[in-house]
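Asker: I need the structure of the sequence given here:
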Amino acid sequence: MVKKRILFVCDGNIFRSSVAERLFKFYFGDKFIVSSAGVTAKYSGKAIEEVISKDVLKREKDTRISLDGHVIKRVDKNVMSSSDFVFVMDNKNKNKLARKFPQFSKKIFLLKKFAGYKKNLEIPDAKDKPVEFLDKVYEDIKNSIKRIKKKDLISQMVSNHI
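Answerer: This is a model prediction of the structure:
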């Protein structure tokens, strides 16, 4: 059986989508091929260690999940084409992707909405926000992924041929 490809997208591929990629791999193991990218990703090609402060990286590694080795990537047609599911963090990025790649719009989902949440469906950008805000963003991502796993939502989508 061919593994489904999952792509997580945010604006810069620095925090939200990279955290989602790592958490998804943690909860699902190697059941899927998982990657992340950014819509604008102005630091594309750079290692995360070059962009985020060492204090934030150490805190992530010590308290949550390591982002070590992550290289920032920009979304392109090839990655969109090869992905079966594209999870975005907010409507701004969903709309940008849908405009840029209209042929792939049916596979673009807000992460929290796909997970079954009914309100507060966006996971806001954490750029230049205090640590407490990062904590909330991290928990939103983690809880959404855990919910997707618990409800087996991706398998349901695949079996329904959506």
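Asker: tell me the gap between the longest helix seen in the chain and the middle of its chain.
Answerer: For the chain, the longest helix by residue count, based on DSSP state H, is helix 131-150. Distance of helix 131-150 from its chain centroid, counting by CA atoms, centre = their mean, to the nearest Å, is 11 Å.
Asker: Ser81 reaches Val75, doesn't it?
Answerer: No: using CB atoms under 8 Å, Ser81 makes no contact with Val75, being 10.9 Å away. Heads up, the C-betas are built off the backbone N, CA and C, glycines and all.
Asker: after the helix or strand of the chain with the lowest mean pLDDT comes which helix or strand?
Answerer: Least confident element among the helices and strands of the chain, by mean pLDDT, DSSP states H and E: helix 54-63 (a mean of 69). Moving toward the C-terminus from helix 54-63, the next helix or strand (DSSP states H and E) is helix 77-82.
Asker: elements contacting that next one?
Answerer: Applying 3 or more CB pairs under 8 Å, 6 or more residues apart in numbering; DSSP states H and E, one finds that helix 77-82 contacts strand 5-10.
Asker: and the closest residue to Val71 other than its chain neighbours, how many neighbours?
Answerer: Among residues not flanking Val71 along the chain, Ala47 sits closest, at 5.6 Å (CB to CB, 6 or more residues apart in numbering). Neighbours of Ala47 under the rule other CB atoms under 10 Å: 14.
Asker: the one 5 residues further on too?
Answerer: When neighbours are defined as other CB under 10 Å, Ile52 has 17 of them.
Asker: relative to Cys10, how far out is it?
Answerer: As defined by CB to CB, to the nearest Å, Ile52 lies at a distance of 14 Å from Cys10.
Asker: which ones are touching Leu110?
Answerer: 87-91, 94, 121-122 (CB atoms under 8 Å, 6 or more residues apart in numbering).
Asker: now it. Its backbone dihedrals?
Answerer: phi -70, psi 130 (degrees, to the nearest 10).
Asker: what residue ranges in the chain score low on pLDDT?
Answerer: Scanning the chain for pLDDT under 70 picks out 1, 55, 59, 61-63, 159-162.
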